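Just the structure for this:
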Amino acid sequence: MSVAPLRFFASLRLTVVLLVLSIALIFGATLDQVHLGVWGVQEKYFRSFFIFGRIPGTEFFFPVFPGGYLLGGALIANLLAAHFTRFRLSWKKSGIWLTHLGLILLLIGVGLSGLLQEDNQMRIDVGQTRRYSESFRETELAVIDTTAPDYNQVVSIPAAALTDGANFQHPLLPFIVKAVAYYPNATLRMRSQLTNPPPSVATAGEGTDIVATPIPVTANPDESNWPTGFVELVGPDGSLGTFIISTMLQQPEAFSYQGRSWRLALRAKRDYLPFAITLQKFTHEIYPGTDIPRDFASTIRLRSDDGRDDREIRIFMNNPLRYAGRAFYQAGFANNDHTTVLQVVRNPSWRIPYLSCGLIVLGLLVQFGIHLFAFFRRRLGGVPAPAPATS
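Prediction:
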């Protein structure tokens, strides 16, 4: 790299500009959170290289502002370039080097968390056992073979892939799954409730009596989105019919084919665990005279598939369970204290922020100690020697 570009990236003015843009990004994201919600703001503003705008009345999008990934990457390049041009590798600057290394690791950790972190939840009733957690935002189409009496065989398809006309074939399925339509949010009404219902998209199952109407996606935390779609199953002998799939349906669509029992369910994406969790007890304490929660805790039994772990654990506020690369936090409760809600976080880079903060503190202490030592040495060296005695 030539000297001019290196000086540009090392410029203190560039640092100030990037910090001002970062502040503006945070401010804009805070205002837009009312419309997009927490998850939508993270994806649009912080987990992107650019924020895109759309020309009204068209589908043309263009970048209008740098996103979190671009600003974070530029700040890392700015720090590295500043070290190459302005700082020499010496013990007198060791504290600054450690502090900046911590800042770089912190920015990298934020980026890795945005790329790798998965946030799920687990709802368990007292006495119930769970072996999976469910995503907050992502859904999947589960094609379930329920023929065996002691287990289910599941083939899952990400809902994001259910674009019109997409075909899915799997060795475990004796038919092809064809996406007919998919709506990120919709309302369902019985055909008997409408005066002039439109023609039915579904040709088999309960969907023949249901009308699905797409509606805008909501970001209101008090409202829910109900993804809905239609899929056609096509076997070697022709179509098995078009079925409705929706997270609003209480029961999945059931049918039989080639002597086997099948179900279709559009549900929250599942992360299956190599262990089982059983909720043994849930306690909920409130402040006297109020309904404000003071503490709530879940007593669980954890049993690993390999038989190495079988123990009782208490999860409560600010005291999560960390196991098998996941952290289980006590997030809430429901059904009159009969159901616990655990937030399950899987983040392979969770140690990086702790390491970076440790390096920043160590760097500041080292640099302060170096200057303090130099200060005392100058003071001691500057004291005039006593005059010699005279007779």
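
pretty sure T339 contacts R123?
Yes. Using CB atoms under 8 Å, T339 is in contact with R123, at 5.8 Å. Any C-beta I mention is one placed from the backbone N, CA and C, and that applies to glycine too.

Pull out the buried residues from the lengthiest strand in the chain.
If you go by DSSP state E, the chain has its longest strand at strand 260-286. Using 16 or more other CB atoms under 10 Å as the test for burial, strand 260-286 gives 262-270, 273, 275-279, 282.

do the same with stretch 303-311
R303.

likewise stretch 94-107?
95-107.

Please flag which of those sit within helices.
If you go by DSSP state H, these have 95-107 in helices.

okay if I get those as JSON lines plus distance to A10 and pLDDT?
As requested, these are exported to JSON lines (distance: CB to CB, whole Å; pLDDT from 0 to 100):
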{"residue": "G95", "distance to A10": "20", "pLDDT": "90"}
{"residue": "I96", "distance to A10": "14", "pLDDT": "87"}
{"residue": "W97", "distance to A10": "15", "pLDDT": "88"}
{"residue": "L98", "distance to A10": "19", "pLDDT": "92"}
{"residue": "T99", "distance to A10": "17", "pLDDT": "92"}
{"residue": "H100", "distance to A10": "12", "pLDDT": "89"}
{"residue": "L101", "distance to A10": "16", "pLDDT": "91"}
{"residue": "G102", "distance to A10": "19", "pLDDT": "93"}
{"residue": "L103", "distance to A10": "15", "pLDDT": "90"}
{"residue": "I104", "distance to A10": "14", "pLDDT": "90"}
{"residue": "L105", "distance to A10": "20", "pLDDT": "92"}
{"residue": "L106", "distance to A10": "20", "pLDDT": "91"}
{"residue": "L107", "distance to A10": "17", "pLDDT": "89"}
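
Would you tell me which one of those residues comes nearest to F328?
L106 (25.2 Å; CB to CB).

just checking, the closest one touches G358?
No. At 10.7 Å, L106 does not count as touching G358 under the criterion of CB under 8 Å.

Poorly predicted segments of the stretch 201-350 of the chain, please.
The stretch 201-350 of the chain contains no residues with pLDDT under 70.

quick one: the strands in the stretch 51-200 of the chain?
Using DSSP state E, counting those that start in this stretch, the strands of the stretch 51-200 of the chain run over 61-66, 118-125, 129-145, 153-158, 167-168, 176-183, 186-190.

closest one to T247 among those strands?
Closest approach to T247 among these is made by strand 129-145 (6.3 Å; CB to CB).

same for the closest one, what does it pack against?
For strand 129-145, the packing partners by 3 or more CB pairs under 8 Å, 6 or more residues apart in numbering; DSSP states H and E come out as strand 118-125, strand 153-158, strand 260-286.

Could you pull out the buried residues of it?
Neighbour counts using 16+ other CB under 10 Å place 130, 133-135, 139-145 of strand 129-145 among the buried residues.

Pull out the CA atoms of that strand and give them to me as PDB.
As requested, the backbone C-alpha atoms of strand 129-145 are provided in PDB (Å, rounded to 0.1, in the frame of the first residue of the first chain):
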ATOM      1  CA  THR A 129     -39.100 -32.800  29.000                       C
ATOM      2  CA  ARG A 130     -37.700 -30.800  26.100                       C
ATOM      3  CA  ARG A 131     -34.900 -31.700  23.700                       C
ATOM      4  CA  TYR A 132     -35.000 -28.600  21.500                       C
ATOM      5  CA  SER A 133     -35.300 -24.900  21.500                       C
ATOM      6  CA  GLU A 134     -37.200 -22.700  19.100                       C
ATOM      7  CA  SER A 135     -36.300 -19.600  17.200                       C
ATOM      8  CA  PHE A 136     -37.800 -16.200  17.900                       C
ATOM      9  CA  ARG A 137     -38.000 -15.200  14.200                       C
ATOM     10  CA  GLU A 138     -37.300 -18.000  11.800                       C
ATOM     11  CA  THR A 139     -39.800 -20.600  10.800                       C
ATOM     12  CA  GLU A 140     -39.500 -23.900   9.000                       C
ATOM     13  CA  LEU A 141     -41.800 -26.300   7.100                       C
ATOM     14  CA  ALA A 142     -41.600 -29.700   8.900                       C
ATOM     15  CA  VAL A 143     -42.600 -32.800   6.800                       C
ATOM     16  CA  ILE A 144     -43.000 -35.400   9.500                       C
ATOM     17  CA  ASP A 145     -43.300 -39.200   9.100                       C
END
